[in-house]
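K.L.:
Structure of the sequence below:
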Amino acid sequence: MTVEAWTSVLVIISFILYLYIGWRSRVRDSKGFFVADQGVPAVANGAATAADWMSAASFISMAGLISFLGYDGSIYLMGWTGGYVLLALLLAPYLRKFGKYTVPDFVGDRYYSNIARLVAVVAAIFVSLTYVAGQMRGVGIVFSRFLQVDIVQGVVIGMVIVAFFAVLGGMKGITWTQVTQYGVLIVAYLIPAIAIATLLTDNPIPQLGFTFSDIIPKLNQIQVDLGFQEYTKPFANKSMVDVLFITIALMVGTAGLPHVIVRFYTVPNARAARYSAGWALLFIAILYTTAPAVAAFARYNLIDSLHNHTIEEVRQLDWATKWENTGLLAFDDKNGNGKIELKPDKDTNEIKIDRDIIVLSTPEVAKLAPWVIALVAAGGLAAALSTASGLLLVISSSIAHDVYYRIINPRASESQRLMVGRIMVIAAIAIAGYFGINPPGFVAQVVAFAFGLAAASFFPVILLGVFDKRTNREGAIAGMVVGLIFTTVYIIGVKFYSMTPWFFGISPEGIGTVGMVLNFIVTVVVSRLTPPPPAEIQEMVEMLRTPGDAPPALDDVGEEELD
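P.N.:
The predicted structure is shown next:
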């Protein structure tokens, strides 16, 4: 069977499984729709959280980033995994004990303010839409390459699948689908990694082959011979300060991402939330410790297969021709010597390799079996769809629960809340699909927004909301607004208006760290200069930190105290 035939079979089987789980997990009340009845076991929630977090970016793009950046690419490993340590220790158990449905719900109630709630809603929607548009585009690319389906048709198919289990089952359907999708994506990632490690290093364990074989010294020498920096040379692409700030931004951004945090509302109690964070970190680490090995093996293989060969020789490679047809791989014999060469200078470089093809193309470059190549495609789709579904529910719950139910119509019936939630999922899918089919030119550029905004908005107000009872609504609102505006203006200025990174040369990817620090300072200062929170709010914060699973009571906070 061909790669395309195998891909069709595996994708159809996995999609049927997702649809079946969505049907079996359908819900009839808002608690099931928004927080899966708060009955998901810790291990299952850990797997679902891992799938929710490991998006198309982690599965498809991260190894590509490391492959191109070398040592400096470790910022993604340290930042994205380190964020889960912060979640497990500082946020997850307390947010679960709080007993609400969403991050804006926590912000609105803790800071007794609907203005604070609305600011949190805006940030949650923007972060989630930025992410989900990229996921849908990833779905279209995978379909385009492996099933020879138009990108538009691929995005539409992905929209239909996600809509089915998200609308019917809400968080319950999404959770159990994500557990299955984690199994698909991790197997799809490990099998080719093991096969390539065996071929290149004679060691079937990628991490050990990467560490103890001679593959890295060989790659370092090849890089130097071609005019690049050594693969393992630190700070070759980014300054030490920038690496530090990007790592921190990724860590606190991870800890503040609403679609990650909401997963900890689905477990039975605070203890289960802490355990599920630990399980999630373990499940994520399996892929994240494999990614550096895949990145190095892929770069070695691609250079060996393409550099210093004639275009005719390269185009005899079936995988090279098919990837060239997607526009993500291109060749141009600029010096006319009859051979194509990989060079560090983009003006003289004759091989264009898009970072997103590194993982997807590696099994083909290594000449692995067609079913392995197809499994990687199915894994990429699972990663994209699992994250997309979690993000869509964040958008839905932010509008249906935090705006419609908590502000517009507090007396809405159970059926009304459920209906609005489902309508919002469909609306969000339609918007995400549109941007997946017609990506604006800035979609790839504003990826930094997601982590920067999460770091500069949610992390400080959640952390202070749990550990500082003196923090009040005035401080929280001022801090979020200042953090959001500073981070947004800096990223837009540098990305779109060619502004020089004026803050110590920190890149847009790392400026969220500065936005976070500003948020902390403004929140603390303004809170101390304005009246303290009501006594019942301060008592609630004390109870939130007291061991035990009973949620703090908020019944004493009257509607008249909300903005």
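K.L.:
which one in this protein is furthest away from the centre?
P.N.:
What lies farthest from the middle of the chain is residue 337; by C-alpha atoms, centre = their mean that is 43.1 Å.
K.L.:
Please report phi then psi for that one.
P.N.:
Per-residue torsions, residue 337: phi -90, psi 0 (degrees, to the nearest 10).
K.L.:
Also residue 328?
P.N.:
On the backbone of residue 328 - angles per degrees, to the nearest 10 - the values are phi -90, psi -10.
K.L.:
For it, which non-adjacent residue is spatially closest?
P.N.:
residue 354 (3.8 Å; C-beta to C-beta, 6 or more residues apart in numbering). C-beta: built from backbone N, CA, C; applies to glycine.
K.L.:
where in this protein is pLDDT low?
P.N.:
For the chain, the stretches with pLDDT under 70 are 439-448, 547-563.
K.L.:
mind checking how far the lengthiest helix in it is from the chain centre?
P.N.:
For the chain, the helix with the greatest residue count under DSSP state H is helix 151-201. Distance of helix 151-201 from its chain centroid, counting by C-alpha atoms, centre = their mean, to the nearest Å, is 14 Å.
K.L.:
repeat for stretch 323-341
P.N.:
Counting by C-alpha atoms, centre = their mean, stretch 323-341 comes out at 32 Å from the chain centroid.
K.L.:
List the contacts of that stretch.
P.N.:
Contact with stretch 323-341 is made by 141, 144-145, 306-311, 314-315, 320, 348-354, 356-357, 361, as judged by C-beta atoms under 8 Å, 6 or more residues apart in numbering.
K.L.:
Out of those, list just those in strands.
P.N.:
351-353 (DSSP state E).
K.L.:
re earlier: buried only: go through the contacts of stretch 323-341 for me.
P.N.:
Listed as buried from those are 141, 144-145, 306-307, 309, 314, 320, 350-351, 353-354, 356-357, 361; burial here means 16 or more other C-beta atoms under 10 Å.
K.L.:
helices or strands next to whatever helix or strand residue 10 lives in in the packing?
P.N.:
Residue 10 is part of helix 3-24, with elements assigned from DSSP states H and E. On a contact count with 3 or more C-beta pairs under 8 Å, 6 or more residues apart in numbering; DSSP states H and E, helix 3-24 meets helix 114-146, helix 151-201, helix 370-397.
K.L.:
okay, the ones you listed, which one's buried deepest?
P.N.:
helix 370-397 (a mean of 27; mean count of other C-beta atoms under 10 Å).
K.L.:
Buried residues of whatever helix or strand comes next after that one, list them for me.
P.N.:
For helix 370-397, the succeeding helix or strand toward the C-terminus, using DSSP H and E, is helix 414-437. Using 16+ other C-beta under 10 Å as the burial criterion, the residues of helix 414-437 that qualify are 417-418, 420-422, 424-425, 428-429, 431-433, 435-437.
K.L.:
what angle separates the helix or strand following helix 414-437 from helix 114-146?
P.N.:
Following helix 414-437 in sequence order, the next helix or strand is helix 447-467 (DSSP H and E). Put simply, helix 447-467 runs at 140 degrees to helix 114-146, going by axes from the mean of the first three to the mean of the last three C-alpha atoms, to 10 degrees.
K.L.:
And helix 447-467, what's buried?
P.N.:
So, applying 16+ other C-beta under 10 Å, buried residues of helix 447-467: 447-466.
K.L.:
which residues sit in contact with residue 385?
P.N.:
18, 135, 139, 158, 161-162, 181.
K.L.:
go on, residue 8?
P.N.:
Residue 8 neighbours (C-beta under 8 Å, 6+ apart): residue 147.
K.L.:
Would you check how far apart it and residue 16 are?
P.N.:
Using C-beta to C-beta, to the nearest Å, residue 8 is found at 12 Å from residue 16.
K.L.:
Report the set of residues contacting both of these two.
P.N.:
With C-beta under 8 Å, 6+ apart applied, the contact sets of residue 8 and residue 16 do not overlap.
K.L.:
returning to that earlier point: can you put the helices and strands packed on helix 3-24 in JSON lines and add distance to residue 333?
P.N.:
As requested, the helices and strands packed on helix 3-24 are exported to JSON lines (distance: least, C-beta to C-beta, whole Å):
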{"stretch": "helix 114-146", "distance to residue 333": "25"}
{"stretch": "helix 151-201", "distance to residue 333": "28"}
{"stretch": "helix 370-397", "distance to residue 333": "28"}
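K.L.:
which SSE is the residue nearest to residue 319 when sequence neighbours are not counted in?
P.N.:
Residue nearest to residue 319 in three dimensions, not counting chain neighbours: residue 364, with 3.6 Å by C-beta to C-beta, 6+ apart. Taking DSSP H and E as the criterion, residue 364 maps to helix 358-365.
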